[in-house]
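What follows is a predicted structure for the sequence shown.
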Amino acid sequence: MLKVENINVHYGVINAIKNVSFEVNEGEIVALIGANGAGKTSIMHAISGLIKTSSGRIEFLGNDITKEPAHKVVANGLAQVPEGRRIFSQLSVQDNLEMGAYLRTDSKVQEDLDKVYKRFPRLNERKSQLAGTLSGGEQQMLAMGRALMSKPKLLLLDEPSMGLSPILVNEIFDIIKEINKEDGVTVLLVEQNANKALSIAHRAYVLETGNITVSGDATDVAKNPKVREAYLG
Amino acid sequence: MQFFATIINGLSTGGMYALVAIGYTMVYGIAKMINFAHGEIIMVGAYITYVVFSLLGMPAFVAIIASIIGCALLGVVTEKVAYKPLRNSGSLAVLITAIGVSYLLQNVFLLIFGSAAITFPSFLPEGQIHLGGLSISYVSALSLCLTLICTVLLLIFINKTRLGKAMRAVSEDKGAAELMGINVNNTISLTFAIGSGLGAIGGIIYGLSYSLINPYLGAMLGIKAFIAAVLGGIGDIKGAMVGGLLIGLAEAFTITFISSTFSDAVVFGILIFILLVKPAGLFGVNVREKV
Ligand SMILES: Nc1ncnc2c1ncn2[C@@H]1O[C@H](COP(=O)(O)OP(=O)(O)OP(=O)(O)O)[C@@H](O)[C@H]1O
Ligand SMILES: [Mg+2]
């Protein structure tokens, strides 16, 4: 479904992503784990078109999206929940969700809005509240709901557990599993919380300073001694 | 009686400041820059009306529409040519460029029309409207009505429509807005178009109020409107309107009850006072973001 082939990302002279290749198949949850500064967010931004790759190719559903601007990538069915959530704090909860459906003209938007509210009842109770006044966990839910409103086939999640209490982390990961199983949304999950990510992923890649060093089934990656030492403590 | 007349005068000039201030505030909200060429765009608006009405002999409404469209285009082109290439540079580079654009426009119009003042066409009826014991000139009435109508329409647009919400999304986080599928470049262009179009109306009101225009008119008008935007809380449209009206009132009262030579000093005094006491302006709030 998503094919990343030999991409490089440069920030000035810094080669942040070095010849990275991986793929995500339809129906999967794929985890991308790595330490701070490994380049996880850079990969997510490159896929979404927020930053340019200096070389390589990104293919989604058979289309070359390497050079597509970010606002066009979404239309292919590829949504991202960015690191730090980046909800629109000055807009109401409902307006945030409507922005998620910005490009949609079909008649099912209302239906999907109801679905998001059903999945995240706390958002439903706070519909007209300014998004900036939500708690961290609620903001994460809003960011996920907002991305789901575009009706994505592939959902990129960048550190959804960041800054959340263990109970909330569990809740969010349960929801990710649900979205994958029930709605058939394919998921690419970036996490520093490797334990959690590997527990719900089918496959995983480990990223170290811009290189993919380990890859395989999530259970195998979780057993890898190097990975255990570095990320699973 | 003099008191009420002063209020009406103040609100009328204030309405003109408000229309111009809205342009500063909208552009600041979305592009995080002070468009110092905004005053000159207003000057251009006044000249377009003069050319289309007085020189080409077209009807007033054609002249007004030509001004609005001309200024909107000028705003969009200025952004694309001068500001967009600098979007990722420091704010000092953008500031200097904006000042450069402002002088460029001023000098082009000095070259074409000369520095002498030109008589602006007075296409409004002569005389006054009488309301009870009060009499209001047509310009004052027009200025106030247009300010109110434009502000209300703009607030509805920004708060209720899909495009308006997208505009607010862009002003908060361009990257996140792109992720929603919002075309950030087009949204910024639209903002410049609306702000400059409203500025054109401000320029026409200026011409009608003072009946003389010259290529320097945008400088002082621009600065006072900018102060109005800062007073209201830059980035906030309601604030720009209230700030504009307050600056107009302050000026009118100073002129009537103190001295006309003192009015500019009062306006700049207000600027210094806000910057010291409430830098965020009347409607500006410091939003705390959760991590
Ligand atoms: N805009 C930028 N300009 C310069 N360098 C950058 C920029 N963004 C990222 N980098 C650098 O690229 C490298 C990878 O950053 P990236 O944000 O992709 O890492 P990450 O794996 O997401 O880290 P984290 O887990 O902390 O979010 C880092 O060394 C970072 O300093
Ligand atoms: Mg990151």
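Received it, and whenever you're ready, just let me know what you need. Ligands and ions are numbered 1, 2, ... in the order given.

what sits against the residue lying closest to B:Met58 once chain neighbours are set aside?
Once flanking residues are discounted, B:Met58 sits nearest to B:Val52: 5.0 Å by Cβ to Cβ, 6 or more residues apart in numbering or on different chains. From N, CA and C alone the C-beta is placed, and that goes for glycine too. Listed by Cβ atoms under 8 Å, 6 or more residues apart in numbering or on different chains, the contact set of B:Val52 reads B:Met58, B:Val62, B:Ala63, B:Ala66, B:Ser67.

now swap in B:Ala72 and tell me
Contacts of B:Ala72 by Cβ under 8 Å, 6+ apart are B:Phe192, B:Ala193, B:Ile194, B:Ser196, B:Gly197, B:Ala200.

Repeat that for B:Lys224.
Counting by Cβ under 8 Å, 6+ apart, B:Lys224 makes contact with B:Tyr17, B:Ile247, B:Glu251, B:Val267.

returning to what we had before: just the buried ones from the contacts of B:Val52, in PyMOL syntax?
Applying 16 or more other Cβ atoms under 10 Å in any protein chain shown to the contacts of B:Val52 leaves a buried subset, and the PyMOL line that selects it is:
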select buried, chain B and resi 63+66+67
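
Counting neighbours, what do you get for A:Glu26?
By other Cβ atoms under 10 Å in any protein chain shown, 11 other residues sit near A:Glu26.

That one and ligand 2: what is the separation?
Applying Cβ to the ion, to the nearest Å, the value for A:Glu26 to ligand 2 is 25 Å.

Next: B:Ser209.
55 Å.

Pull the contacting residues for that residue.
Contacts for B:Ser209 (Cβ under 8 Å, 6+ apart) come out as B:Ser12, B:Thr13, B:Met16, B:Val139, B:Ser143.

Assign a three-state SS to the nearest residue in space to the third one that is not next to it in sequence, would you?
Closest residue to B:Met16 in three dimensions, ignoring its sequence neighbours and counting by Cβ to Cβ, 6+ apart: B:Ile205, at 4.5 Å. Secondary structure assignment for B:Ile205 (DSSP: H, G, I helix; E, B strand; the rest coil): helix.

What count of nearby residues applies to A:Asn25?
The burial count for A:Asn25: 12, using other Cβ under 10 Å.

Excluding chain neighbours, what is closest to it?
When the adjacent residues along the chain are set aside, A:Asn25 lies closest to A:Met1, with 5.8 Å between them (Cβ to Cβ, 6+ apart).

tell me which element the residue in the stretch 51-200 of chain B that ligand 2 sits nearest to falls in.
Relative to ligand 2, the nearest point of the stretch 51-200 of chain B is B:Gly175 (13.2 Å; Cβ to the ion). For B:Gly175, the host element (DSSP states H and E) is helix B:174-179.

which residues are in contact with that helix?
So helix B:174-179 is contacted by A:48-50, A:69-71, A:74, A:79-80, A:82, A:86-88, A:99, A:147, B:166, B:169-170, B:184, B:187 (Cβ under 8 Å, 6+ apart).

which stretches of the chain form strands?
Going with chain A. A:2-11, A:14-24, A:29-34, A:55-60, A:63-64, A:78-81, A:154-158, A:186-191, A:203-208, A:211-217 (DSSP state E).

You answered for a different chain; I wanted chain B.
For chain B, applying DSSP E gives strands covering B:118-119, B:128-131, B:134-137, B:212-213.
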